[in-house]
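# would you be able to build a 3D model of this:
(one chain, ligands or ions: 1)
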Amino acid sequence: MRILLALGVLLTVTLQVSLPASGSTQAETTVQAAQLPWMNAAVDKLERELVAKYGESQRARAHRGLQQVSSFWRAEDGDAAAFEEFAKANFAGNQATLDSLFNRFEYNLEQLNGHMAEIGREFRTPSDLQGGPILGFDEIFAAYDPSAHVNDDFFQNKLAFIVLLNFPLTTLEQRLTEGEKWSRREWAEARLAQRFSKRIPADVNLAVAQASAETGRYIAEYNIWMHHLVDANGTRLFAPKLRLLSHWNLRDEIKADYSDAQNGLAKQRMIQQVMERIVTQTIPAVVVNNPNYDWNPFTNDVKPAAVKDSDDAGRSAPSGAALNAPEPNTRYAKLLLAFQASRKVDPYSPTAPTHIARSFDEGREIPEERMKAMLEQLLSSPLAPRVAKLIEKRIGRPLEPFDIWYNGFRQRGAYTEAQLDEIVAKKYPTPEAYKNDIPTLLVHLGFTKERAEYLANNIVVDPARGSGHALGASMRSAKTHLRTRVEKGGMNYKGFNIAVHEMGHNVEQTFSLNNIDHSLLQGVPNTAFTEALAFVFQGRDLELLGLAKPDAQSEALKTLNDFWGTYEIAGVALVDMAVWHWMYDHPNATPAELRDATVQISQDVWNKYYAPLFGKRDVVLLGIYSHMIDSFLYLPDYPIGHMIAFQIEEQMEKAGNIGAEFERMATVGSVIPDLWMKKATGAPVGPDALLKATEKALSDVGAK
Ligand SMILES: [Zn+2]
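Model (predicted):
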């Protein structure tokens with residue numbers, strides 16, 4: 001399913017990710033020491049003056065606010081006199097002024113974010129919705145981000161400093177330990193301050209953007225021409241013209257090959273070999289994205305292509321070098337580039353002074369240690385060997401390393417895709433037909449008639465160019481959009497399944513913006529939460545068609561599929577995390593040294609958790625994910641997403657009434673994940689719900 005980063009939900013999250021929050025630890029001067037020679041004296045003097053004017057009760061606030069402002073103030077913002085004038089004019093010394101300040105900022109920021117989101121949606125209309133052809137300039141409009149410079153502007157016109165003077169910056173540690181006792185207003189104040197908790201110079205932002213673009217380009221062009229893979233007999237196992245992008249397409253080919261009884265296994269073994277050579281960089285440079293050479297990935301022999309299956313001109317090997325000269329550690333040179341660029345942000349991020357800290361403390365708001373513990377709990381679960389045994393039984397052979405991508409826990413439903421297509425096409429010949437049915441669908445899901453009407457009135461249905469997506473609003477006066485695909489002959493089942501998922505996003509987006517107490521708390525903690533809520537809808541799509549819901553057996557297989565997917569990606573996430581630590585420990589490493597370290601880390605994680613099940617040691621497959629190179633420590637989001645989905649589904653089943661429960665959860669807002677989950681389900685984020693469901697699934701399919 002396309003994961004749509006709905007603006008309404010994610011503005012807060014996006015800001016936290018791109019301009020991650022820092023915090024002075026409770027009024028201590030651990031933030032960047034003021035570089036300006038006059039600053040310390042000015043701060044001391046102002047604190048005395050503000051206390052004299054507003055009373056002793058304001059001392060702590062004045063002290064904190066002045067420290068916060070001074071840590072971001074640069075020479076270009078003004079001299080000592082300007083600093084003093086600013087602080088005296090903008091310190092809210094009594095509750096009434098502070099309330100006005102808070103309310104005005106909350107309202108205005110909602111307007112700003114909301115209108116930016118509307119502009120973005122309008123500018124993307126030609127590329128997102130069905131209509132005429134997309135012209136070149138449409139793409140430029142679509143790529144334009146009107147909010148890109150808001151943060152800089154707000155520091156320049158000093159609105160950011162006004163926030164920093166009056167509201168507290170917080171650390172994740174504080175949000176974790178004290179957040180539970182905070183009022184909603186205190187949470188909203190914390191989120192308000194977080195928006196301005198970093199002031200990264202333009203050249204540093206540019207370096208990060210360039211590294212991201214360059215690593216992205218490297219990954220986007222890393223194709224393997226599959227017909228040119230040959231085995232020892234010169235046999236070509238893959239069809240002509242087949243060109244697979246690493247790692248996504250290669251992995252998906254492994255998954256698809258389970259249904260190829262004749263050559264599936266040989267193909268899977270060959271792809272594993274290709275992947276391992278990419279990780280170890282023993283892959284011949286000349287076979288990357290080039291159909292001009294045949295390659296045996298086992299012996300590493302390279303020959304000029306004996307067949308031509310493409311119009312791609314390809315390229316010739318440089319003369320003088322061996323045909324199978326390895327790729328010169330480019331993969332790791334790119335990763336180092338990502339690391340070096342990210343490191344440039346460190347000095348501007350005093351309380352999260354590494355990319356690792358920003359990724360966990362500020363992006364996810366789950367401490368790295370906890371994340372690691374959750375992944376390890378999952379990986380060492382006694383359920384893993386039981387699921388592994390079950391897979392061996394189903395495939396009729398011992399596991400091989402590529403079976404971390406086993407996808408055979410699927411069962412045919414009671415209806416064929418064609419039958420479902422027919423039912424759906426009849427019901428929804430046009431997007432309007434779907435739109436008109438939304439209130440009925442929502443009542444089916446357990447919403448009251450009144451709630452269903454209210455929600456339906458806030459959802460605009462548009463005809464999508466792609467498979468469908470949801471686009472939330474960021475201000476209460478705007479509506480959420482459901483983009484759905486309806487073919488000429490009517491909607492098909494796949495389109496319906498997606499529309500139901502996206503409708504889940506729309507409902508979450510409506511509640512978490514329009515029915516929440518503070519617009520500064522709009523949304524959910526991160527994408528995993530909005531996805532989990534959308535899956536609650538999607539999982540009930542057959543019932544919405546008036547058909548029987550999937551039986552216990554299919555539910556069990558689906559759970560086992562999710563468990564195995566989480567088990568796989570948990571190891572990949574641990575590798576990603578360990579590699580970033582290694583880079584911080586070895587900031588001057590060469591690409592070759594980083595390659596050796598990554599290979600070692602991949603093997604270590606494999607040997608600890610996977611080798612006992614797979615009967616083979618020192619496998620490097622966990623290092624193949626492309627996200628590792630171009631997504632800067634993004635991989636831990638995947639396993640955590642699965643865990644969250646199971647927690648929310650478990651709670652929905654416990655509550656029985658999806659309508660009321662959904663609204664209750666979706667109005668908790670963008671507090672930290674653990675607090676959200678405790679309010680929603682009674683427990684912090686963790687793997688227990690997934691493990692419990694897996695245990696039940698194993699017993700439902702009769703596994704030992
Ligand atoms: Zn989604």
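# per-domain residue ranges of the protein.
For the chain, automatic domain parsing gives the domain ranges 3-194, 222-327, 354-409+549-700, 417-544.
# let's have those in JSON lines, adding mean neighbour count.
C-beta here means a position set from N, CA and C on the backbone, and glycine is covered the same way. Below are the domains of the chain laid out as JSON lines (neighbours: other Cβ atoms under 10 Å):
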{"stretch": "domain 3-194", "mean neighbour count": "17"}
{"stretch": "domain 222-327", "mean neighbour count": "17"}
{"stretch": "domain 354-409+549-700", "mean neighbour count": "19"}
{"stretch": "domain 417-544", "mean neighbour count": "21"}
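# got these as CSV, with mean pLDDT and distance to the ion columns?
Formatted as CSV, the domains of the chain follow (pLDDT from 0 to 100; distance: least, Cβ to the ion, whole Å):
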stretch, mean pLDDT, distance to the ion
domain 3-194, 85, 5
domain 222-327, 95, 18
domain 354-409+549-700, 96, 11
domain 417-544, 95, 5
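# OK, contacts around the residue lying closest to E106 once chain neighbours are set aside?
Excluding the flanking residues, the one nearest E106 by Cβ to Cβ, 6 or more residues apart in numbering is L520, at 5.2 Å. Neighbouring residues of L520 by Cβ atoms under 8 Å, 6 or more residues apart in numbering: 12, 106, 109-110, 188-189, 191-192.
# next, give me the two most distant ones among these.
E110 and E189 (15.1 Å; Cβ to Cβ).
# if we can go back for a sec, just the contacts of L520: which are in strands?
Secondary structure from DSSP state E places none of the contacts of L520 in strands.
# of those, closest to Y293?
So of these, ranked by how close each gets to Y293 (Cβ to Cβ), first place is T12, at 49.4 Å.
# how about Q377, what does it touch?
So Q377 contacts 686-687 (Cβ under 8 Å, 6+ apart).
# for the residue nearest to E106, helix, strand, or coil?
Local secondary structure at L520 is given as helix here, using DSSP: H, G, I helix; E, B strand; the rest coil.
# distance of it relative to G363?
19 Å (Cβ to Cβ, to the nearest Å).
# quick check on the closest residue to I119 other than its chain neighbours: phi, psi?
Spatial nearest neighbour of I119, chain neighbours left out: P146 (5.0 Å); criterion: Cβ to Cβ, 6+ apart. Main-chain dihedrals, P146, degrees, to the nearest 10: phi -70, psi -20.
# quick check: P146 touching M116?
Yes - P146 is within contact range of M116, at 5.2 Å (criterion: Cβ atoms under 8 Å).
# which element follows the helix ranked longest in the chain toward the C-terminus?
What stands out as the longest helix in the chain, according to DSSP state H, is helix 552-585. Past helix 552-585, further along toward the C-terminus, the next helix or strand under DSSP states H and E is helix 591-605.
# what helices or strands is that following helix leaning on?
Secondary-structure packing of helix 591-605 (3 or more Cβ pairs under 8 Å, 6 or more residues apart in numbering; DSSP states H and E): helix 264-280, helix 330-343, helix 552-585.
# the shortest one: what's the following helix or strand?
Pointing back at helix 330-343 there. Following helix 330-343 in sequence, per DSSP H and E, is helix 355-357.
# residues in contact with that following helix?
Against helix 355-357 from outside (Cβ under 8 Å, 6+ apart): 339, 342-343, 345-346, 349, 368, 577, 580-581, 584, 632-633.
# and if we set it to 7 Å?
Identification of contacts with helix 355-357 by Cβ atoms under 7 Å, 6 or more residues apart in numbering yields 342-343, 368, 580-581, 584, 632-633.
# could you check how far the residue nearest to P367 when sequence neighbours are not counted is from G523?
The shortest distance from P367 to any non-neighbouring residue, by Cβ to Cβ, 6+ apart, is to F360 (6.1 Å). Counting by Cβ to Cβ, the gap from F360 to G523 is 20 Å.
# what's near enough to touch A534?
Contacts for A534 (Cβ under 7 Å, 6+ apart) come out as 501, 504-505.
# of these, just say which sits nearest to T235.
H501 (41.8 Å).
# which helix or which strand is home to the closest one?
helix 493-514.
# what about the very next helix or strand once past that helix, distance to the chain center?
Later in the chain than helix 493-514, the nearest helix or strand by DSSP H and E is helix 527-538. Chain-centre distance of helix 527-538: 13 Å, with Cα atoms, centre = their mean, to the nearest Å.
# what's the angle between helix 527-538 and helix 493-514?
130 degrees (axes from the mean of the first three to the mean of the last three Cα atoms, to 10 degrees).
# dump helix 527-538 to CSV, restricted to CA.
Only the C-alpha atoms of helix 527-538 are listed here, as CSV (Å, rounded to 0.1, in the frame of the first residue of the first chain):
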residue,chain,number,x,y,z
THR,A,527,3.6,7.5,10.3
ALA,A,528,3.5,4.0,11.9
PHE,A,529,0.5,5.1,13.9
THR,A,530,-1.5,6.5,11.0
GLU,A,531,-0.7,3.4,9.0
ALA,A,532,-1.8,1.1,11.9
LEU,A,533,-5.1,2.9,12.1
ALA,A,534,-5.6,2.7,8.3
PHE,A,535,-4.9,-1.1,8.5
VAL,A,536,-7.8,-1.4,11.0
PHE,A,537,-10.1,-0.3,8.2
GLN,A,538,-8.4,-2.2,5.4
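# run a quick neighbour tally on G216.
Close neighbours of G216, defined as other Cβ atoms under 10 Å, add up to 16.
# what about it, helix or strand, and which?
helix 202-220.
# now for the very next helix or strand once past that helix, which elements pack on it?
Going down the chain from helix 202-220, the next helix or strand is strand 223-225, by DSSP H and E. Packing partners of strand 223-225 (3 or more Cβ pairs under 7 Å, 6 or more residues apart in numbering; DSSP states H and E): strand 243-245.
# could you export the helix or strand following the strand it packs on as PDB, CA atoms only?
As assigned by DSSP H and E, the chain's next helix or strand after strand 243-245 is helix 248-256. The C-alpha coordinates for helix 248-256 follow below in PDB (Å, rounded to 0.1, in the frame of the first residue of the first chain):
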ATOM      1  CA  TRP A 248      13.800  -4.100  -3.700                       C
ATOM      2  CA  ASN A 249      13.300  -5.900  -7.000                       C
ATOM      3  CA  LEU A 250      15.900  -8.500  -6.300                       C
ATOM      4  CA  ARG A 251      14.200  -9.300  -3.000                       C
ATOM      5  CA  ASP A 252      10.700  -9.300  -4.600                       C
ATOM      6  CA  GLU A 253      12.000 -11.700  -7.300                       C
ATOM      7  CA  ILE A 254      13.100 -14.100  -4.500                       C
ATOM      8  CA  LYS A 255       9.600 -13.900  -3.100                       C
ATOM      9  CA  ALA A 256       8.000 -14.500  -6.400                       C
END
